[in-house]
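1. give the three-dimensional model of this entry:
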Amino acid sequence: MVIEHQVVKRYCPHCGCWRSPKLDLRGQVIGQGRMGVRLASHIAYQRHVLRLPVRAIQQDLWASYQLRISGGELVELLHDVRGVGELTAEKLREQVRRSGIVHGMRRAGGRTEERLHLGVHDG
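-> Coordinates of the predicted model:
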């Protein structure tokens, strides 16, 4: 389990500048946040499937991981998770639209409007 990412910044004597590597943490963190994908998924599960209030999620995170997260940060994290989920859902919808087969049946010349429900709510 990754607890912390550390980046080493070094001085380059050739160009006279400080340099650091560019990190690609896609798939490990959501956005520019400090929460990993697994923790964010766990929090989203608690909120949307178990329907726990924010305070109960905070208490569970403290009891399980000794992790303190403010209510505002939890809500912001849930908004970020929703945004990632909506993008993923739209990509899947587009793949279904481009494929000629939906639910084992061919579309009849594009006349049928198929709706793919992926658990992303509009409200």
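2. I'd like to know how far the closest residue to Arg47 other than its chain neighbours sits from Ala56.
-> Nearest non-adjacent residue to Arg47, counting by Cβ to Cβ, 6 or more residues apart in numbering: Leu78, 5.9 Å away. C-beta: built from backbone N, CA, C; applies to glycine. As judged by Cβ to Cβ, to the nearest Å, Leu78 and Ala56 stand 14 Å apart.
3. so which of those two has more stuff around it?
-> Taking other Cβ atoms under 10 Å, Leu78 and Ala56 do not tie; Leu78 has more neighbours (18 against 13).
4. if I pick that one, what's in contact with it?
-> By Cβ atoms under 8 Å, 6 or more residues apart in numbering, the contact list for Leu78 reads Ile43, Ala44, Arg47.
5. separation between the first one and Val54?
-> Plainly put, Ile43 is 10 Å away from Val54 if you go by Cβ to Cβ.
6. kindly report the same for the last one.
-> Arg47 sits 8 Å away from Val54 when distances are taken as Cβ to Cβ.
7. spit out the residues that contact the two alike.
-> Common contacts of Arg47 and Val54, defined by Cβ under 8 Å, 6+ apart, comprise Leu74.
8. what do Ile43 and Val54 both touch?
-> The contact sets of Ile43 and Val54 overlap at Leu74 (Cβ under 8 Å, 6+ apart).
9. okay, the two: which has more neighbours?
-> Regarding Ile43 and Val54, a neighbour count based on other Cβ under 10 Å identifies Ile43 as having more, with 22 against 18.
10. could I get the full set of helices for this structure?
-> For the chain, applying DSSP state H gives helices covering 37-48, 54-65, 71-98.
11. give the buried residues for the last one.
-> Put plainly, it is helix 71-98. Leu74, Leu77, Leu78, Asp80, Val81, Gly85, Arg93 (16 or more other Cβ atoms under 10 Å).
12. could I get these as a markdown table with pLDDT and distance to Trp62?
-> A markdown table is the format used below for those (pLDDT from 0 to 100; distance: Cβ to Cβ, whole Å):
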| residue | pLDDT | distance to Trp62 |
| --- | --- | --- |
| Leu74 | 93 | 12 |
| Leu77 | 91 | 16 |
| Leu78 | 92 | 18 |
| Asp80 | 88 | 21 |
| Val81 | 88 | 20 |
| Gly85 | 84 | 26 |
| Arg93 | 87 | 38 |
